[in-house]
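Chemist: Next one to model:
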Amino acid sequence: MKKYFPLLLKLIAAFIMLQTLFFKFTGAQESIELFTKLAEENETLIRIGTGFLELIASTLLFIPKKTWLGAGLTIGLMTGAIMGHLTKLGIEHNDDGGRLFICAVITLIAGVILLFQNRKNIPLIGNKL
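Modeler: Residues are numbered from 1 along each chain as shown. Now for the predicted structure:
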């Protein structure tokens, strides 16, 4: 089980991030409303940019020497998502029962664990950790 735990974390984080890309990239109304609440004037840029970064993070998680980078990017993205929920959106958004918030927390936890497990691969500081 210990051998497969990192793969499970990667799959969970990537699945959560990738499942929202269709909505972000196609301009689904729910996605537009969410990002408008976060950044009215730059909704499209923030929505598409976030989707692009989530795609990159999900890909990097599966590149052995770059997992640390994907995990770090995941942590940054999910910290932003959680802060958005806590400050502007609310934990429950559009009567979702807090599903988006919970997914962000789960993904953040996966990213933190993966970064810790791959800390030795971080350039310049990895060997000191």
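
Chemist: ok, residues contacting the helix or strand Leu114 falls within?
Modeler: According to DSSP states H and E, Leu114 maps onto helix 99-117. Helix 99-117 is contacted by residues 6, 9-10, 12-13, 16-17, 61, 67-68, 70-72, 74-75, 78-79, 81-82, 85, 91-93 when judged by C-beta atoms under 8 Å, 6 or more residues apart in numbering. Heads up, the C-betas are built off the backbone N, CA and C, glycines and all.

Chemist: Quick one: buried ones out of the residues you listed?
Modeler: Buried residues within these, counting neighbours by 16 or more other C-beta atoms under 10 Å: 6, 9-10, 13, 16-17, 61, 67-68, 70-72, 74-75, 78, 81-82, 85, 93.

Chemist: Just those residues: which are in helices?
Modeler: 6, 9-10, 13, 16-17, 67-68, 70-72, 74-75, 78, 81-82 (DSSP state H).

Chemist: So which of those is the closest to Leu55?
Modeler: Met17 (7.7 Å; C-beta to C-beta).

Chemist: Against Gly126, how distant is that closest one?
Modeler: From Met17 across to Gly126, the span is 24 Å (C-beta to C-beta, to the nearest Å).

Chemist: what's the neighbour count on Asn127?
Modeler: 10 (other C-beta atoms under 10 Å).

Chemist: isn't it right up against Lys120?
Modeler: Yes: in this structure Asn127 lies within contact range of Lys120 using C-beta atoms under 8 Å: 6.8 Å.

Chemist: Ile32: which of the ones in helices among the buried ones among the contacts of helix 99-117 is nearest?
Modeler: Proximity of these to Ile32 (C-beta to C-beta) peaks at Ala81, which lies at 16.3 Å.

Chemist: The closest one and Thr59, how far apart?
Modeler: Counting by C-beta to C-beta - Ala81 and Thr59 are separated by 19 Å.

Chemist: cool, and Glu92?
Modeler: 31 Å.

Chemist: Next: Pro123.
Modeler: In this view, Pro123 and Thr59 are 19 Å apart by C-beta to C-beta.

Chemist: Lovely, talk soon.
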